[in-house]
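Q: how would this look folded up:
(2 chains)
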Amino acid sequence: MTAALTKSWRGWLLPFSVVIGAEAWFLFNPILSDTLAAPSKIIRGAVETMMDGTLLRTTYQTLFGAAAGLFIGMAAGTACGIVIGLFWTADRLSSWSVEMLRPIPSVALIPLSLLTFGYGYRMEYAVVAWATFWPFLILTQHALKQIDVRLLEVSRLMGFGIFSRIFKIMLPAAAPRLFTALRLAVGLSLVVAVTVEIAANPQGLGYGLMVAQESLRPDRMFALLIWVGLLGWALNYILVRLEGRLFAHRAPGLAADA
Amino acid sequence: MAQNAAIELKDVSLSFGSNEILTGIDMSVEPGEFVCVIGASGSGKTTLLRMIAGLLPPTTGAVLLHGKAVRSPTRRVAVVFQDYGRALLPWRRAYANVSLPLEASGMPANQRPARIRQLLAKVGLANHEDKFPGQLSGGMQQRLQIARSLAQEPDTLLMDEPFGALDAMTRQTLQDEVLRLVAERKTTVFFVTHDIEEALYLGDRVVALDSNPGRVAYDIKVPLPRPRDQLTTREHPEFLRLRREMFEIMNKIHA
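A: Numbers count the residues shown, from 1 in each chain, chains lettered A, B, ... in the order given. Okay, the predicted model is just below:
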């Protein structure tokens, strides 16, 4: 416990000294930069974006775009992953398509998506959904392959039909691995959503960053940048905690009393 | 008579490619009979059990249950695996694990709780229904698997070295519990073990398998009185005589 505290305290040392150092540097070199801003100014910029409602609005837009796209990618990716994972024929039929389509970078679809859907949420969903579809597809497929054969035998012995087999045995058995896919995809969805907003879509945190850059406000830009980082960190933290909660009881030998 | 044998193996053999696992197995188990199969590891005894369960088709010959050829698993046959840790559903509590076969057989949800609690009580887990398998000891997990197999109301129980991973004390307790449970319902039992004493203590009959390829080497009746008792049965002169005989047989087989 004490060791963990000291360690986390040491972890703060570096960022803290960078902030102090930066502030001191700006104090002794009072320049007006278009690309950098003193930490105190960044804080002021952050307060400003909070007060004028920009932060809340753009955060909502980005999170909504990312979440909706993630949801579509998850539903489609998991469903396809199940079909491919379970049926040999589906695996054979799709293997070429998967190998060809998967390497297409999601951001390369921004022009197509813009052309199809125009500005707004829909083009953002589409790109995020494309990006997150693949990890769900691949990891679901792998998760199903890694289910202990003994459990599959048990489900055969019980005489379950295909749907009960999927929903009562296979998906619960694969759940920890599917959750890992979710955790990866959540991080990815945020990255892609912000990228789409920077590149094309005039909304959300990405666009906020562009506006700050174009209006020569490095303070606001850094404020938003730090905020995006905090968001990503917080989402991951929540998911890791949730993962522990959800799957802790599966660990064997919690209370062996012989 | 052969028509109503609970389990009948007719000249069964199994090969994987050129690798012959089992050859020319002829065996029949009467309804309500407790048959123990012993053999060294690699003698194909687990494979034999898997064929009876319908998990594996024989290469040649026929496996019949009550006169009908086995093609796939049936609910009338329940299997208890040695590796309870892998066979139980780790995300389901004890209660929900026992519920599994009832869900499979389509028992109405309102009839399940009474049945599940009755089964858990039978194996001494009445106070543990809310625990996850990972929170139970090995012996308790195996009890849970037994309760789950009984929920199927099988007329035949296939047990694959069910007590192999348990300590001696727990093993003896569970042996007696299994004897009591199957006597109640007159269940046919096909019990695989590598322990001669366990086979003699539990079985009406002991079948010894020879290895490479697996085949029946010996098939003897165990005329020991029931109910069996850990002390008196194991001290019974007939038990001691059979134990010596079995040891000699096994030594000869593996010499």
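Q: residue ranges with poor pLDDT in the chain?
A: Picking chain A for this. A:1-7, A:252-258 (pLDDT under 70).
Q: ah, no, chain B please
A: B:1-3, B:255.
Q: Enumerate the strands of it by residue range, in sequence order.
A: Read by DSSP state E, chain B holds these strands, from start to end of the chain: B:7-16, B:19-29, B:34-38, B:60-65, B:68-69, B:77-80, B:156-160, B:188-193, B:205-210, B:215-221.
Q: near chain B, which residues of the stretch 1-150 of chain A show up?
A: Counting by C-beta under 8 Å from any C-beta of the partner chain, the stretch 1-150 of chain A comes close to chain B at A:148, A:150. For glycine as for every other residue, the C-beta is placed from the backbone atoms N, C-alpha and C.
Q: Give me the neighbour count for the nearest residue to A:Phe64 once chain neighbours are set aside.
A: Spatially, and ignoring its direct neighbours in sequence, A:Phe64 is nearest to A:Tyr121 (7.0 Å; C-beta to C-beta, 6 or more residues apart in numbering or on different chains). A count of nearby residues for A:Tyr121, using other C-beta atoms under 10 Å in any protein chain shown, gives 16.
Q: list the contacts for A:Tyr121?
A: Counting by C-beta atoms under 8 Å, 6 or more residues apart in numbering or on different chains, A:Tyr121 touches A:61, A:64-65, A:68, A:203.
Q: Repeat that for A:Glu214.
A: By C-beta under 8 Å, 6+ apart, the contact set of A:Glu214 is empty.
Q: what separates it from B:Arg244, distance-wise?
A: Relative to B:Arg244, A:Glu214 is positioned 95 Å away (C-beta to C-beta, to the nearest Å).
Q: same deal with B:Glu161?
A: In this structure, B:Glu161 and B:Arg244 are 23 Å apart, going by C-beta to C-beta.
Q: Between those two, point out the one with more neighbours.
A: A count of neighbours by other C-beta under 10 Å puts B:Glu161 above the other of B:Glu161 and B:Arg244, at 20 against 11.
Q: wait, what's in contact with the closest residue to that one other than its chain neighbours?
A: Distance criterion C-beta to C-beta, 6+ apart; nearest residue to B:Glu161, sequence neighbours excluded, is B:Gln82 at 4.3 Å. By C-beta under 8 Å, 6+ apart, the residues touching B:Gln82 are B:160-162, B:164-165.
Q: any idea how far A:Ala200 is from B:Arg205?
A: In this view, B:Arg205 and A:Ala200 are 78 Å apart by C-beta to C-beta.
Q: So for stretch A:85-95, what gets flagged as buried?
A: Neighbour counts over stretch A:85-95 (16 or more other C-beta atoms under 10 Å in any protein chain shown) mark A:85-86, A:94 as buried.
Q: Mind putting those residues into a markdown table with secondary structure?
A: Below are the buried residues of stretch A:85-95 laid out as a markdown table (DSSP: H, G, I helix; E, B strand; the rest coil):
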| residue | secondary structure |
| --- | --- |
| A:Gly85 | helix |
| A:Leu86 | helix |
| A:Ser94 | helix |
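Q: okay, those residues in JSON lines with distance to B:Ala114 next?
A: Below are the buried residues of stretch A:85-95 laid out as JSON lines (distance: C-beta to C-beta, whole Å):
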{"residue": "A:Gly85", "distance to B:Ala114": "38"}
{"residue": "A:Leu86", "distance to B:Ala114": "35"}
{"residue": "A:Ser94", "distance to B:Ala114": "47"}
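Q: Which of the contacts of B:Gln82 are buried, as a ChimeraX select command?
A: To isolate the buried ones among those in ChimeraX, judged by 16+ other C-beta under 10 Å, type:
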select /B:160,161,162,165
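Q: Closest to B:Gly139 out of the contacts of B:Gln82?
A: B:Ala165 (9.6 Å; C-beta to C-beta).
Q: for the closest one, what are its contacts?
A: Counting by C-beta under 8 Å, 6+ apart, B:Ala165 has contacts B:82-84, B:138, B:142.
Q: Now A:Trp202. Its backbone dihedrals?
A: Just to correct that, residue A:202 is Pro rather than Trp. The phi and psi values for A:Pro202, taken as degrees, to the nearest 10, are phi -80, psi 70.
Q: same check, this time on B:Pro73
A: phi -60, psi 150.
Q: dump the residue contacts of it.
A: Neighbour list for B:Pro73: A:156-157, A:159, B:53-55 [criterion: C-beta under 8 Å, 6+ apart].
Q: With respect to B:Ser72, which of those residues is nearest?
A: Of all those, B:Gly54 has the smallest distance to B:Ser72: 4.9 Å, by C-beta to C-beta.
Q: shouldn't A:Arg150 be in contact with B:Phe81?
A: Yes - A:Arg150 lies in contact with B:Phe81 (C-beta atoms under 8 Å); the separation is 6.5 Å.
Q: where do the contact lists of the two overlap?
A: Residues touching both A:Arg150 and B:Phe81 by C-beta under 8 Å, 6+ apart: B:Ala87.
Q: any idea which element A:Leu246 lies in?
A: A:Leu246 is located in helix A:218-247, with elements delineated by DSSP states H and E.
Q: Do you have the helices of the chain handy? List them.
A: Let's take chain A. For chain A, the helices defined by DSSP state H cover A:2-28, A:39-51, A:54-86, A:88-101, A:110-117, A:121-145, A:149-158, A:162-164, A:171-199, A:204-214, A:218-247.
Q: Chain B, not that one
A: Listed in chain order, the helices of chain B (DSSP H) span B:45-53, B:84-87, B:94-104, B:112-122, B:138-151, B:168-185, B:196-202, B:232-235, B:237-254.
Q: so can I have a markdown table of those helices showing distance to chain A?
A: As requested, these are exported to a markdown table (distance: least, C-beta to the nearest C-beta, whole Å):
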| stretch | distance to chain A |
| --- | --- |
| helix B:45-53 | 7 |
| helix B:84-87 | 4 |
| helix B:94-104 | 4 |
| helix B:112-122 | 14 |
| helix B:138-151 | 7 |
| helix B:168-185 | 7 |
| helix B:196-202 | 20 |
| helix B:232-235 | 23 |
| helix B:237-254 | 28 |
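Q: ok so, going back, of all the strands of chain B, which lies closest to chain A?
A: Among the strands of chain B, the nearest to chain A by C-beta to the nearest C-beta is strand B:77-80 (5.5 Å).
Q: Looking at the contacts of B:Gln82, spot the one nearest chain A.
A: Using C-beta to the nearest C-beta, B:Asp160 comes nearest to chain A of the contacts of B:Gln82, at 10.9 Å.
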